[in-house]
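J.: coords please:
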Amino acid sequence: MKVFNTLTRQKEEFTPIEEGKVRMYVCGPTVYNLIHIGNARPMIIFDTFRRYLEYKGYEVNYVSNFTDVDDKIIKKAQEEGVDASEISSRYIKECKKDMEGLNVLPATVHPLATQEIGGMLAMIQTLIDKGYAYAAADGTVYFRTGRFASYGKLSHKNLDDLQAGHRDIKVTGDHKEEPFDFVLWKPKKEGEPAWDSPWGEGRPGWHIECSVMSEKYLGETIDIHAGGEDLIFPHHENEIAQSEAAHGKEFARYWMHNGFLNIDNQKMSKSLGNFFTVREIAEKYDLQVLRFFMLSAHYRSPLNFSAELMEAAKTGLERICTAAEYLTRLLKAEQDGADAPMTEEEEQLYEQAEQYQKKFEAAMEDDCNTADAVSSVFELVKFINTNAAASNSSAYVKKLYDKLETLCDLLGIIVAPKEEILDADIERLIQERQEARKNKDFARADQIRGELAEKGILLKDTREGVTWKRA
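T.: Okay, here's the model as predicted:
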């Protein structure tokens, strides 16, 4: 299996540190609002890669954090007049709902930055003791970037370039020794959450959080570190500097980064009005469509989101699900010789079908090429539509269904038909949801919305009331 390593800028054969086991860290979202579709891309991509690693027999320790202390969280809390922890708790819960809707498996561990402060203080002290960090007069602790000789090896930047254009670092301070030194610990400001430290009350810098959480749950050297390409510099570059300076060991052996997501060929931003949350997409599409859309391009390529492309993804997903439903109907139908084994002709046909699984595996082993893996699923669908009929043995039909379901499950795509629900039952549940909201039982209201979504019923709250449609 080969992966493209951002560190070396080439595809490399993947060999884990420990045979049969993979230690993988994926940077998670900062939880100050509902996650947007840009957040969803790395979640879906690396969840799919994890599924494939497990399919190949690896035991995967998959760690993905929640950044639950940050300027944006604090700002949101101040706007609402609540504690920052209330904001982060609320949006961690909402994020997990969206992840479930996207069929993203829960991580082995979802660490929270605020629960790992002790480890951060210890690593910062180690860096100070080794001369890689210093405490400024105002209580800020900075990392001496110039002291770490290989700084820039991931982003392929050098310190001379950084010194010429140090605004890239986006962290300023009057007490820095050098303009490109970055923050490990920042002093408390009025109204902000803070923790005691040897340098005064304050809170950690963003970069130190991931270094510490990765070390605690995966060890000092890990197999794979992944995230969006916007994190390469400065976040991942700074993680390397901190971790390797502290431990004197390689931090991560393979670095995987997904490309940017654009909206109608423009960068997604609130100012352009083209900013979409996963929850907003869920009002128009089953989230399986969004997942399928994300997997239809290579993860390292830029991906353009548009209504037309989402409709194309919806059509493509329907083709796959229709083939699965067709096989299900064949299995349910009364067939002559239903318990008979496959005929010789069916065995030969099934051997042909197995080539699509081999194509799928070859694509996934070539740097997680989900675009080609999806193509092999479509080839299998075409084969099913041509070579499965009511006259076939149930053994043959069942094996075709199992093969289609296996490949789709590796992509996180659910092909099992949703349980049908009557219009009257939908209306009854909507009424119950309205009563729950009226009584401020928001947990039950959310539960009902989730139950309906699982059955393919999408709700939309409007001024005129609640509307619904089948996905």
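J.: how far away is L330 from I384?
T.: 10 Å (C-beta to C-beta, to the nearest Å). In short, each C-beta sits where N, CA and C put it, glycine included.
J.: spit out the contact partners of F4.
T.: By C-beta atoms under 8 Å, 6 or more residues apart in numbering, the contact set of F4 is 10-12, 256, 300, 367.
J.: now the helices for the stretch 301-450 of the chain?
T.: 307-332, 344-365, 370-387, 394-410, 423-438, 442-454 (DSSP state H, counting those that start in this stretch).
J.: where does the stretch 151-300 of the chain dip in pLDDT?
T.: For the stretch 151-300 of the chain, the stretches flagged by pLDDT under 70 are 162-174.
J.: repeat the analysis, applying 80 as the threshold.
T.: Applying pLDDT under 80 to the stretch 151-300 of the chain flags the ranges 159-174, 268-274.
J.: ranges for the helices of it?
T.: Using DSSP H, counting those that start in this stretch, helices in the stretch 151-300 of the chain cover 159-164, 206-218, 237-247, 278-282, 287-295.
J.: which one of these lies nearest to K56?
T.: helix 287-295 (18.0 Å; C-beta to C-beta).
J.: what residues sit buried inside that closest one?
T.: Applying a neighbour-count criterion of 16 or more other C-beta atoms under 10 Å, one finds 287-295 buried in helix 287-295.
J.: now for it, which elements pack on it?
T.: helix 37-55, helix 278-282, helix 307-332, helix 370-387 (3 or more C-beta pairs under 8 Å, 6 or more residues apart in numbering; DSSP states H and E).
J.: sorry, back to before: quick check, nearest of the buried residues of helix 287-295 to F180?
T.: Lowest distance from F180 to the buried residues of helix 287-295 (C-beta to C-beta) belongs to M294, with 34.7 Å.
J.: that closest one and N39 touch, don't they?
T.: No. The pair M294 / N39 is not scored as a contact, 11.4 Å apart, by C-beta atoms under 8 Å.
J.: for E19, see how far away Y58 is.
T.: Counting by C-beta to C-beta, the gap from Y58 to E19 is 9 Å.
J.: and those two? which has more neighbours close in?
T.: Under the neighbour definition other C-beta atoms under 10 Å, Y58 and E19 were set side by side, and Y58 has more, 19 against 7.
J.: SS state for the closest residue to the more buried one other than its chain neighbours?
T.: Leaving aside its sequence neighbours, Y58 sits nearest to V22 (C-beta to C-beta, 6 or more residues apart in numbering; 4.8 Å). Under DSSP: H, G, I helix; E, B strand; the rest coil, V22 falls in the strand class.
J.: which residues does the closest residue to G200 other than its chain neighbours contact?
T.: Using C-beta to C-beta, 6+ apart and skipping the chain neighbours, the partner closest in space to G200 is G139 (3.9 Å). By C-beta under 8 Å, 6+ apart, the contact list for G139 reads 185-188, 199-202.
J.: quick revisit: would you confirm that the residue nearest to Y58 contacts M1?
T.: No. With contact defined as C-beta under 8 Å, V22 does not reach M1; the gap is 10.7 Å.
J.: looking at the two now, which is surrounded by more residues?
T.: Between V22 and M1, counted using other C-beta under 10 Å, the more crowded position is V22 (23 against 17).
J.: from K56, how far out is the more buried one?
T.: Look at V22 and K56: by C-beta to C-beta, they are 10 Å apart.
J.: Q115 is in contact with V212, correct?
T.: No. Contact criterion C-beta under 8 Å: V212 and Q115 do not qualify, at 10.7 Å.
J.: neighbour count winner among these two?
T.: V212 (27 against 11).
J.: check contacts around the more buried one.
T.: Going by C-beta under 8 Å, 6+ apart, V212 touches 116, 119-120, 123.
J.: closest one to F442 out of those residues, please.
T.: Among those, and counting by C-beta to C-beta, the member closest to F442 is E116, at 29.8 Å.
J.: measure that closest one to A226 for me?
T.: For E116 relative to A226 (C-beta to C-beta), the value is 20 Å.
J.: same thing with E100?
T.: Counting by C-beta to C-beta - E100 and A226 are separated by 21 Å.
J.: flag the shaky bits of the stretch 351-471 of the chain, pLDDT-wise.
T.: Along the stretch 351-471 of the chain, the model assigns pLDDT under 80 to residues 417-422, 454-456, 470-471.
J.: list the contacts of F293.
T.: By C-beta under 8 Å, 6+ apart, the neighbours of F293 are 305, 309-310, 313.
J.: count the neighbours of S271 for me.
T.: Neighbour number of S271 under other C-beta under 10 Å is 6.
J.: let's number from 49 now, not from 1
T.: All set: I'll call the first residue 49, so the last point we hit is now S319.
J.: pop out the phi and psi values for it.
T.: The phi/psi pair for S319 (degrees, to the nearest 10) reads phi -70, psi -30.
J.: which residues touch it?
T.: By C-beta under 8 Å, 6+ apart, S319 has no neighbours at all.
J.: excluding its backbone neighbours, what's nearest F353?
T.: Nearest residue to F353, sequence neighbours excluded (C-beta to C-beta, 6+ apart): I311, at 5.1 Å.
J.: is it true that the one you found touches K318?
T.: No. In this structure, I311 is not within contact of K318 by C-beta under 8 Å, at 11.4 Å.
J.: looking at the two now, which is surrounded by more residues?
T.: Neighbour totals were compared for I311 and K318, and I311 leads with 18 against 8 (other C-beta under 10 Å).
J.: beta partners of that one?
T.: Q314, F353 (DSSP bridges).
J.: and it, how far is that from K508?
T.: In terms of C-beta to C-beta, I311 sits 21 Å off from K508.
J.: also K123?
T.: 29 Å.
J.: one more: F431?
T.: Counting by C-beta to C-beta - F431 and K508 are separated by 38 Å.
J.: what about these two, which has more around it?
T.: F431 (19 against 12).
J.: quick check: the more buried one touching Q400?
T.: Yes. Counting by C-beta under 8 Å, F431 does reach Q400; the two are 7.0 Å apart.
J.: circling back: for A289, state which of the contacts of V260 is nearest.
T.: Closest to A289 out of these is M171 (11.9 Å), distances taken as C-beta to C-beta.
J.: just to be sure, the closest one is in a helix?
T.: Yes. Assigned with three-state DSSP, M171 falls within a helix.
J.: which single one of the contacts of V260 is nearest to L455?
T.: Using C-beta to C-beta, E164 is the member of those that sits closest to L455, with 38.0 Å.
J.: what's the local residue count around that closest one?
T.: When counting by other C-beta under 10 Å, one arrives at 21 neighbours for E164.
J.: show me where the stretch 149-298 of the chain has its strands.
T.: 181-183, 189-191, 230-235, 250-252, 270-276 (DSSP state E, counting those that start in this stretch).
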